[in-house]
Structures are given as C-alpha cells and as structure tokens.
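>>> predicted model follows, preceded by the sequence.
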Amino acid sequence: MIKRSRLLNAPPKTLEEIYFTEIRPQLYENHAHRHQTGVRTGTTLAEHLDSACQFILTVSRIAEVPENKRPLLLAATAVHDLNKLDPQERKVKTLARNQEFLREQLEKACVLTFVVSEDDLELVRKLIERHSGHNVSDGSRFLPEDPNIERWAAMLTAADFI
C-alpha cells in the first residue's frame, strides 16, 4: 500500500495515516474477539492495543521522538502484550526474547516493515520488556545504549494504562 502512493507520485503517507489505514484495521481483525479480564473487563484486546497505539502516536510527536524511532515505538506498542498473543500465555520477557515469535507477531500486526535491522528488533524487544516491569534483566545496563530508551519505555508503560 505504501509503494502504490509513491508510484503515483503522491507524497509518502505519514505514520498516522499508515496506522489508521493499515495497522489499526489489522489489530481489530486479529483481536476484536479477544475479551480482556481484570480491570479491562468489557473491552477487547483490539481496543486496548488501539488506544495504546493512538496514545503513542500522539505522545511521541509531542515528545519529539525522532521520526526514525517513532515507527519502532509504534511497532512495540502494537504487540506489547505478547503474553496475550501467545496460546501458551508464556511470560512477556520470554516471548520478547524469542525472535521468531516476536517477528511473527510484528508481521501479524502489519508493523514488521518498520523493523529493518537487528538493532531495530533489539530496540522493540527492549521497549516491550521494559514496559512490563522486567526493566533491564539482560545485562544491557552495563553496555552503552541510547539514553532515550528509558524515556520511550516509559511512554509505552503509560500507554498500557490507557
């Protein structure tokens, strides 16, 4: 869909346009039947993911997240509840570190195209893990990393409360 508009010399779609025309419909197709429990009783997983993604789109723009990182933050948000996407309901940390499972979920959510490198996938993994309270259990605290990761993970944590 993105390529078609470029072929017609139309300006590239914004991240928001891509979300509302491609990603959001897929979230509802995939998860509208999955009802939430606990404090989210009465809503579907699709509604939760949609609200979180819309929050991230807004907050990441206001917070001036670099344009090359906003799609990765959106990708992480679209699949952040990995345990709810897994038939075995394994822990988020375990699932985030399973590259095959993570890529599969990103593809199902129509956001895998945003993840173009191993570094991108690693950022998505870190954001998903850190939003769920696992913080930094992979030893990366001892390695140099972008100081914005904590800030972006906090955005995802906030989006999860919506």
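Right, received. Where do you want to start?
>>> shaky segments in this protein?
Applying pLDDT under 70 to the predicted model, the residue ranges of the chain that meet it are 1-9, 37-41, 132-145.
>>> report the longest helix in it, please.
Residue-count comparison of every helix in the chain, with assignments taken from DSSP state H, identifies helix 45-62 as the longest.
>>> what's that one packed up against?
Under the contact definition 3 or more CB pairs under 8 Å, 6 or more residues apart in numbering; DSSP states H and E, helix 45-62 sits against helix 24-31, helix 70-78, helix 148-160. C-beta coordinates here come from the backbone N, C-alpha and C atoms, glycine included.
>>> most packed of the ones you listed?
Most buried of those by mean neighbour count (mean count of other CB atoms under 10 Å) is helix 70-78; its value is a mean of 26.
>>> any idea of the angle it forms with helix 148-160?
Calculated by axes from the mean of the first three to the mean of the last three CA atoms, to 10 degrees, helix 70-78 forms an angle of 40 degrees with helix 148-160.
>>> contacts for helix 70-78?
15, 19, 23, 27, 49, 52-53, 56-57, 60-61, 65, 106, 109-112, 114-115, 120, 123-124, 127-128, 131, 152, 155-156, 159 (CB atoms under 8 Å, 6 or more residues apart in numbering).
>>> how does it look with 7 Å?
15, 19, 23, 27, 49, 52-53, 56-57, 60, 65, 106, 109, 111, 114-115, 120, 123-124, 127-128, 152, 155-156, 159 (CB atoms under 7 Å, 6 or more residues apart in numbering).
>>> that one: what's the following helix or strand?
helix 82-85 (DSSP states H and E).
>>> that following helix - contacts with which helices or strands?
Here helix 82-85 is seen to pack against helix 92-96 when contacts are counted using 3 or more CB pairs under 7 Å, 6 or more residues apart in numbering; DSSP states H and E.
>>> what packs against the helix it packs on?
Contacts of helix 92-96 with other secondary structure elements, assessed using 3+ CB pairs under 7 Å, 6+ apart, are made with helix 82-85, helix 99-108, helix 118-131.
>>> mean neighbour count and distance to Val92 added to these, as CSV?
Compiled in CSV, the helices and strands packed on helix 92-96 are given as follows (neighbours: other CB atoms under 10 Å; distance: least, CB to CB, whole Å):
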stretch, mean neighbour count, distance to Val92
helix 82-85, 19, 5
helix 99-108, 16, 11
helix 118-131, 20, 7
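>>> export those as a markdown table, with columns for distance to Leu45.
Supplementary listing: these in a markdown table, determined by distance: least, CB to CB, whole Å:
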| stretch | distance to Leu45 |
| --- | --- |
| helix 82-85 | 6 |
| helix 99-108 | 12 |
| helix 118-131 | 15 |
